[in-house]
Each structure stands twice: as C-alpha cells, then as structure tokens.
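Engineer: Compute the structure for the input listed below.
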Amino acid sequence: MDASPIAAEVAALQSIKGCAFALAAAFSAEVGDFTRFRSGRQVTAYFGLAPSQRSSGDSVRLGGISGAGNALVRKLAVEGSWCYAAARHQPKLMPRDTGVPLEIRMHGRKGSERLLRRREEMLAFWRLVEVGVIPRHVTHNDTKISNILFDRAGNVLCVIDLDTVMNSTSLNDFGDAIRTYTNTGAEDDRDLRRVGMSMELFTAYTEGYLSQHARELSPSEREYLAFSARYITYEQVLRFLMDYLDGDTYYKTRSADHNLVRTRAQYRLLQSMEEQYDAMCDVVRRLADRYATTKH
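Structural biologist: The predicted model follows:
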C-alpha cells in the first residue's frame, strides 16, 4: 500500500475516529482523487448524504438522507459512522509512527471532539420528548418575531404562519424565541464579535413567558427550558450548514457563502449560550419558583 497512489489519502483518512485501514482503503479506492471535488457540496451530492427536507416558510424539518449518488460510498460512510459511535476506546490522537502529519492528525481530532461534544446531550434531550417525560402540546414551531402581527400601538394582533403547527414540545417555541430575540448580532453577521446572547433580553423574555405559563409547565419542562435554546440553535447550525453543502437549495442566499456565514454566526451564538448556561438556568429556576404559585 505504501507505493500505491492512494497511500497518502488512506493514511489521512485513518486520522478520523471510526475509520481504520480497511474502511479507509475501500473509501479511497472507490472515490479516487478527492481533489476533483471543488467543494463540500459536491462531496455531499456524490455520497448521496444530503437529507430530505419537509419545509414551510423558513421552517425546515430534516428527514433521512436522500439516497442519491454513489451507493457503495454511502454504505462505507454509514459503516464508518457506526464505528465512530462505538469507538470509545480509540485514542483521541493517532500515534506518531503512522506517518500522518501532525496537522492532519490534529484536524481529525478536533473534528471528532466538536461532533461528540454536544451529540449525546442533544440526543438525550430528544429521547425524553419521544418517551413522554417531556410532554407534547400543540406548538407553533417557528416563533420568530416576523410571525407575529402587531397593530400600530405595538399590541399583538395574532400569530401567523400556522402551517408549522404540530404536536411537539413547547420547549421548541421557547428555544426558538430565545435564539431569535436575544441575539446581539444578525443571523448572518460576518463580524462574529457582534454575535452573542444578551442575558438582559433572556431574563426579560423568560420572565414574561413564565409569568403567564409557569403553572402549566411540568417539572421536566422547567428543567430543560434553558437547554431548549441551545438545542434549537444547534439544530439551526446544522440546517444552515446542510443547505450550504447541498448547494443552497432551500434558504434564499445573497452570496455564494451566505449559508456558511449563517452557520458560523449561529455557532457563535450557540457558544455564547453555552458560556452563560449556568446563569440561564439560575434565571429559569428563580422565575419558575416565583410564578409557579402565582395566580394570573
């Protein structure tokens, strides 16, 4: 294999957790020259790993993969994913004697860490919804400010875009509201220094929400109220990123990298929420205790 034209690619692929020699060799042999792909979008299309979508307005629900493209490569990628999920024993960094440059080994390690850091807690949250620990209600599922109509005096008239209404957790509505209302920057801000979650706005919105709704929330809903903002923002990071990789097929864009810019801005917002998460939980606990026994 050392003399093979794909030897370097095989070695580099093994820096990814879950991808050992056999999988890397098969992958490289089937794909061939990776440099023929000009972007991640072309790779996604070739693999057939772009998700199917159920869309309405700006709301997107991602389904299973499309199934188009190279079936063998897709099967190899799926097998690698299963190995990745089970590879708890695999070292975080490949040994030095593999011959793979440190820069590539570190890149593989960082990618693995980013993926695993949030995956388990996000899946654990949604499992609670699926088994009924977190109850479902009739929810809107797209609570951005543009879906609320106001009169000239600023009073709410009604909620619109009702085709997103479904049976789901009310935490989706709270989390999406926090994502859109508390961001100090724009959703597609190129200057990430401007992007972050305002604790002042978070506290104000949470107090308004709990003053009207605290008595109806279950203990599990109160426990995960702050977390829902992180969950929905993480989901939006993935939506923008997948649309970018899929060739900007859903969201309207103003430039070739618009969805990538959105992805980075939402990721920075997610980081800001994580940095302030303890304070967010404290606010929820304090206000939930105050309003849970208050009649309105």
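
Engineer: pLDDT below threshold where in the stretch 101-250 of the chain?
Structural biologist: In the predicted model, the stretch 101-250 of the chain carries pLDDT under 70 at residues 101-116.

Engineer: all strands of it, in order?
Structural biologist: For the stretch 101-250 of the chain, the strands defined by DSSP state E, counting those that start in this stretch occupy 137-139, 148-150, 156-159, 166-168.

Engineer: can you list those in JSON lines and add mean neighbour count and distance to Phe240?
Structural biologist: In short, each C-beta sits where N, CA and C put it, glycine included. Below are those laid out as JSON lines (neighbours: other C-beta atoms under 10 Å; distance: least, C-beta to C-beta, whole Å):
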{"stretch": "strand 137-139", "mean neighbour count": "14", "distance to Phe240": "22"}
{"stretch": "strand 148-150", "mean neighbour count": "12", "distance to Phe240": "23"}
{"stretch": "strand 156-159", "mean neighbour count": "10", "distance to Phe240": "24"}
{"stretch": "strand 166-168", "mean neighbour count": "13", "distance to Phe240": "21"}
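
Engineer: between these, which gets nearest to Gly208?
Structural biologist: Checking those against Gly208 by C-beta to C-beta gives strand 156-159 as the closest, at 11.8 Å.

Engineer: just how off-centre is that closest one within its chain?
Structural biologist: 29 Å (C-alpha atoms, centre = their mean, to the nearest Å).

Engineer: Which neighbouring elements make contact with that strand?
Structural biologist: Counting contacts by 3 or more C-beta pairs under 8 Å, 6 or more residues apart in numbering; DSSP states H and E, strand 156-159 is packed against strand 148-150.

Engineer: and the strand it packs on, what does it pack onto?
Structural biologist: Applying 3+ C-beta pairs under 8 Å, 6+ apart, one finds that strand 148-150 makes contact with strand 156-159.

Engineer: contact partners of the strand it packs on?
Structural biologist: Strand 156-159 has contacts (C-beta atoms under 8 Å, 6 or more residues apart in numbering) with His140, Asn147, Ile148, Leu149, Phe150, Asp151.

Engineer: if you set the cut-off to 10 Å instead, what comes out?
Structural biologist: His140, Asp142, Thr143, Asn147, Ile148, Leu149, Phe150, Asp151, Val165 (C-beta atoms under 10 Å, 6 or more residues apart in numbering).

Engineer: Farthest pair within the residues you listed?
Structural biologist: Farthest pair in those, by C-beta to C-beta: Asp151 and Val165, 22.9 Å.

Engineer: out of the two, which sits in the busier spot?
Structural biologist: The residue with more neighbours, out of Asp151 and Val165, is Val165; 14 against 8, by other C-beta atoms under 10 Å.

Engineer: how much space is there between the closest residue to the more buried one other than its chain neighbours and Leu162?
Structural biologist: Nearest non-adjacent residue to Val165, counting by C-beta to C-beta, 6 or more residues apart in numbering: His140, 5.8 Å away. Distance, His140 to Leu162, by C-beta to C-beta, to the nearest Å: 8 Å.
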